[in-house]
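Trainee: What follows is a predicted protein model with its sequence.
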Amino acid sequence: MRENRLRRIWASGGAVVNGWLAIPNGFSAETMAHQGWDSLTIDLQHGMVDYATMLPMLQAISTTETVPVVRVPWLEPGILMKSLDAGAYALICPMVNSRADAEKLVAWTHYAPQGTRSFGPIRATLYGGADYPLHANEQIVVFAMIETAQALENLDEILSTPGLDAIYIGPSDLSIALGCKPSFDDLEPKAAQAVEHILARAKAHGVVAGIHNGSPEAALKRIAMGFQFVTVSSDARLMAAGAQQVMAVMRAGQPGTPNNGY
């Protein structure tokens with residue numbers, strides 16, 4: 001079976017630099033994959049992507065060594081299993097709030113005897129290799145998102161769930177849950193303290209900690225804190241930021257030119 005590079009990077013003590021795909025297009029996914037990201041996450045929860053569009057995006061990522069990751073819409077067995085069968089090598093599952101939720105996530109993403117994943121790796125064997133069914137449980141990575149007050153209360157129970165590889169913090173949802181303004185990087189003190197607490201408890205349990213970031217500067221600071229999976233921005237945000245930079249230069253170089261209301 002093809003090695004999961006996430007596990008190799010973590011075993012060496014390194015941090016994975018993850019990109020985020022919200023644009024539902026194979027070519028944009030392929031373009032992002034060729035920029036050197038360690039992994040790319042296709043966002044089925046808040047992006048514009050559905051399952052039918054996800055498949056060609058996974059195929060596009062497969063033209064590189066970038067690891068294909070999928071954030072599923074919810075904790076639901078059908079989409080978890082279909083995403084793995086399509087060739088995702090890691091899954092991020094939102095709103096995992098309890099030990100029971102975490103146990104379901106692990107069960108639905110692992111074959112027996114460790115779990116209850118149904119057999120049908122129709123594309124996964126093309127991407128992972130003919131022996132995928134024998135080694136999938138060892139190579140696939142499963143993240144539980146920690147982003148609610150309830151998850152904070154049940155944090156140690158979630159982190160101690162056998163088979164859970166990693167957690168992923170959604171700073172904006174976590175901030176809202178704690179009565180703070182939503183943000184990726186500049187968190188209010190209560191949310192920032194919660195992030196530090198989650199990281200410390202994850203390390204205590206030997207679970208990899210990941211987090212979403214708005215800028216590379218924030219991501220580097222969080223790697224220094226001990227995070228081993230950092231997402232930086234998204235394809236849509238990067239495209240908009242690049243276009244804004246171009247237009248700012250063009251407008252500044254043409255004094256008096258109408259800006260069409262922008």
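Mentor: Arrived safely. Numbers count the residues shown, from 1 in each chain.

Trainee: Asp185 contacts His212, correct?
Mentor: No: contact between Asp185 and His212 fails when scored by C-beta atoms under 8 Å: they sit 9.4 Å apart. Where you see a C-beta, it was placed from the backbone N, CA and C, and this is true even at glycine.

Trainee: With neighbour numbers in mind, choose between these two.
Mentor: It is His212, of Asp185 and His212, that has more neighbours when counted by other C-beta atoms under 10 Å, with 28 against 14.

Trainee: Poorly predicted segments of the protein, please.
Mentor: Counting by pLDDT under 70, the low-confidence segments of the chain come to 257-262.

Trainee: Where do the helices of it begin and end?
Mentor: In chain order, the chain shows helices spanning 5-11, 26-33, 51-61, 77-85, 99-108, 124-128, 132-139, 149-153, 155-159, 171-177, 189-205, 216-225, 235-252, with DSSP state H as the criterion.

Trainee: Figure out which of those is closest to Val69.
Mentor: Of all those, it is helix 5-11 that lies closest to Val69, at 8.2 Å by C-beta to C-beta.

Trainee: ok, now which ones touch the spatially closest residue to Leu80 that is not a sequence neighbour?
Mentor: The shortest distance from Leu80 to any residue that is not its chain neighbour, by C-beta to C-beta, 6 or more residues apart in numbering, is 4.9 Å, and that residue is Trp108. Contacts of Trp108 were listed using C-beta atoms under 8 Å, 6 or more residues apart in numbering, and they are Pro77, Leu80, Met81, Gly115, Thr116, Arg117.

Trainee: Would you mind listing which of these are buried?
Mentor: In terms of neighbour count (16 or more other C-beta atoms under 10 Å), the buried residues within these are Leu80, Met81, Gly115, Arg117.

Trainee: In this structure the second one contacts Arg117, no?
Mentor: Same thing as Met81. Yes: between Met81 and Arg117 there is a contact at 5.7 Å, judged by C-beta under 8 Å.

Trainee: where do the contact lists of these two overlap?
Mentor: The contact lists of Met81 and Arg117 share Trp108, Thr109, where a contact means C-beta under 8 Å, 6+ apart.

Trainee: For stretch 204-212, what is the spacing between the initial and final residues?
Mentor: Here the two ends of stretch 204-212 are set 21 Å apart, with distance taken as C-alpha to C-alpha, to the nearest Å.

Trainee: Please spell out which residues along it are buried.
Mentor: With the criterion 16+ other C-beta under 10 Å, stretch 204-212 contains buried residues Val207, Val208, Ala209, Gly210, Ile211, His212.

Trainee: ok, the spatially closest residue to the last one that is not a sequence neighbour to Ala22 distance?
Mentor: Yep, that's His212 we're talking about. Residue nearest to His212 in three dimensions, not counting chain neighbours: Thr231, with 4.8 Å by C-beta to C-beta, 6+ apart. Using C-beta to C-beta, to the nearest Å, Thr231 is found at 12 Å from Ala22.

Trainee: who has more neighbours, those two?
Mentor: Neighbours were counted for Thr231 and for Ala22 using other C-beta under 10 Å; Thr231 has more, 26 against 19.

Trainee: I'd say that one and Gly19 touch.
Mentor: Yes: contact status for Thr231 versus Gly19: in contact at 7.2 Å, counting by C-beta under 8 Å.
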